[in-house]
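**Student:** next one to model:
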Amino acid sequence: MPVGRAEELVEVGGYFTWDRTRIPTVMVRSVDQKIRGYYNSCRHRGAPVVRTPTGRARAFRCQYHSWTYDTFGKLMAIPDERDFGNIDRCAHSLVPLRLAELGGWLWIDQSGEAPDLEGALGALHPWLEARTHYRLAGRRTRVVDANWKRVVAHLGARVVGAQSHFPNICFVEAGGELSMMAAWPRDEQTTEVELVLCAAPDAAEPSSDALDQRLDEVLAAFAPGRGAAEGVLSGDFAGAWSRALAPEA
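**Tutor:** Numbers count the residues shown, from 1 in each chain. Predicted structure coming up:
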């Protein structure tokens with residue numbers, strides 16, 4: 001699944017966390033310039049080794065007993081190490097994630113059982129591979145009071161011009177922009193909707209207000225008083241989503 005963009009990790013030590021599937025992970029650009037992904041969990045007691053959403057660090061340190069890991073995931077330091085017995089540091093590195101980059105997007109496999117990215121994405125793979133010139137222009141999220149099944153039912157192939165391989169994720173290219181929209185369940189009654197907008201390098205970035213307006217228009221169908229209480233969407237959600245993703249002429 002796509003968790004972010006490579007240009008979000010330009011500098012060595014740059015990182016961001018991702019936990020929309022309720023499994024905490026962290027992506028980081030290591031000193032060899034390669035982007036790696038790990039489970040955001042100390043190998044001692046499972047506490048997070050990274051607690052801020054984004055940043056830059058030379059190492060990750062658990063706040064529980066200060067076990068410290070480098071950007072390769074290697075366990076580098078254990079204060080009062082003798083208190084922990086004979087620990088094999090190599091066997092206590094951060095657990096790595098399968099991570100691949102495609103079209104500027106970073107993809108992870110949390111199951112450890114997915115096929116390679118080309119096989120997993122099918123026709124979406126060459127479609128994204130041909131769109132490497134886009135750069136991140138903005139990101140917005142909203143939480144709506146709706147079960148995720150109601151939201152994802154209107155994503156993917158039901159949206160005009162969409163490219164989708166997942167029930168909850170859709171890519172749309174229009175007007176020199178590439179957008180990704182995803183619906184992530186938070187619980188049985190609420191869903192987090194994410195809009196990631198990419199544009200050509202020489203294009204003007206949209207303002208924060210413009211991004212907010214675009215996503216608000218998408219989610220207007222879930223506004224109170226428009227059928228949410230009855231569990232039925234009001235209006236043409238798919239059409240509204242398509243229009244909101246497409247920039248104004």
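
**Student:** quick one, what contacts the residue lying closest to residue 61 once chain neighbours are set aside?
**Tutor:** Of all residues not flanking residue 61 in the chain, residue 68 sits nearest, at 4.5 Å (C-beta to C-beta, 6 or more residues apart in numbering). In this view, the C-beta of every residue, glycine as well, is placed from N, C-alpha and C. Neighbour list for residue 68: 59-62, 75-78 [criterion: C-beta atoms under 8 Å, 6 or more residues apart in numbering].

**Student:** now residue 68. Its backbone dihedrals?
**Tutor:** phi -120, psi 130 (degrees, to the nearest 10).

**Student:** return the distance of it relative to residue 97.
**Tutor:** 20 Å (C-beta to C-beta, to the nearest Å).

**Student:** repeat for residue 128
**Tutor:** Residue 128 is 20 Å from residue 97, by C-beta to C-beta.

**Student:** in three-state terms, label the residue in the chain sticking out farthest from the centre for me.
**Tutor:** Computed with C-alpha atoms, centre = their mean, the residue of the chain farthest from its C-alpha average is residue 82, at 39.2 Å. Here residue 82 is recorded as helix under DSSP: H, G, I helix; E, B strand; the rest coil.

**Student:** and for residue 12?
**Tutor:** Three-state call for residue 12 (three-state DSSP): coil.

**Student:** distance of it from residue 124?
**Tutor:** 31 Å.

**Student:** okay, now the unreliable bits of this protein?
**Tutor:** Low-confidence regions of the chain, defined here as pLDDT under 70, cover residues 153-165, 220-249.

**Student:** related to what we said a few turns ago, ok, the contacts of residue 68 vs residue 40, which is closest?
**Tutor:** Nearest to residue 40 among those is residue 60, at 8.5 Å by C-beta to C-beta.

**Student:** I'd say the closest one and residue 50 touch.
**Tutor:** Yes: with contact defined as C-beta atoms under 8 Å, residue 60 and residue 50 form a contacting pair (5.5 Å).

**Student:** which residues do these two both contact?
**Tutor:** Shared contacts of residue 60 and residue 50, counting by C-beta under 8 Å, 6+ apart, come down to residue 26.

**Student:** report all helices and strands that the biggest helix by length in the chain contacts.
**Tutor:** Counting residues, the longest helix found in the chain (DSSP state H) is helix 208-218. Under the contact definition 3 or more C-beta pairs under 8 Å, 6 or more residues apart in numbering; DSSP states H and E, helix 208-218 sits against strand 135-144, strand 191-199, helix 237-245.

**Student:** apply 10 Å and report the result again.
**Tutor:** Identification of packing neighbours for helix 208-218 by 3 or more C-beta pairs under 10 Å, 6 or more residues apart in numbering; DSSP states H and E yields strand 135-144, strand 177-185, strand 191-199, helix 237-245.

**Student:** select, out of these, the one closest to residue 91.
**Tutor:** Closest to residue 91 of the helices and strands packed on helix 208-218, according to C-beta to C-beta: strand 177-185, at 33.3 Å.

**Student:** so what's the residue farthest from the centre of the chain up against?
**Tutor:** If you count contacts by C-beta atoms under 10 Å, 6 or more residues apart in numbering, residue 82 has none.

**Student:** ok, so what distance separates it from residue 89?
**Tutor:** The value you get for residue 82 to residue 89, if C-beta to C-beta is used, is 14 Å.

**Student:** any shared contact partners between the two?
**Tutor:** The contact sets of residue 82 and residue 89 do not overlap (C-beta under 10 Å, 6+ apart).

**Student:** need the contact list for the closest residue to residue 137 other than its chain neighbours.
**Tutor:** In space, and not counting its chain neighbours, residue 137 is closest to residue 199: 4.2 Å by C-beta to C-beta, 6+ apart. With contacts defined as C-beta under 10 Å, 6+ apart, residue 199 is in contact with 133-138, 175-179, 205-206, 247.
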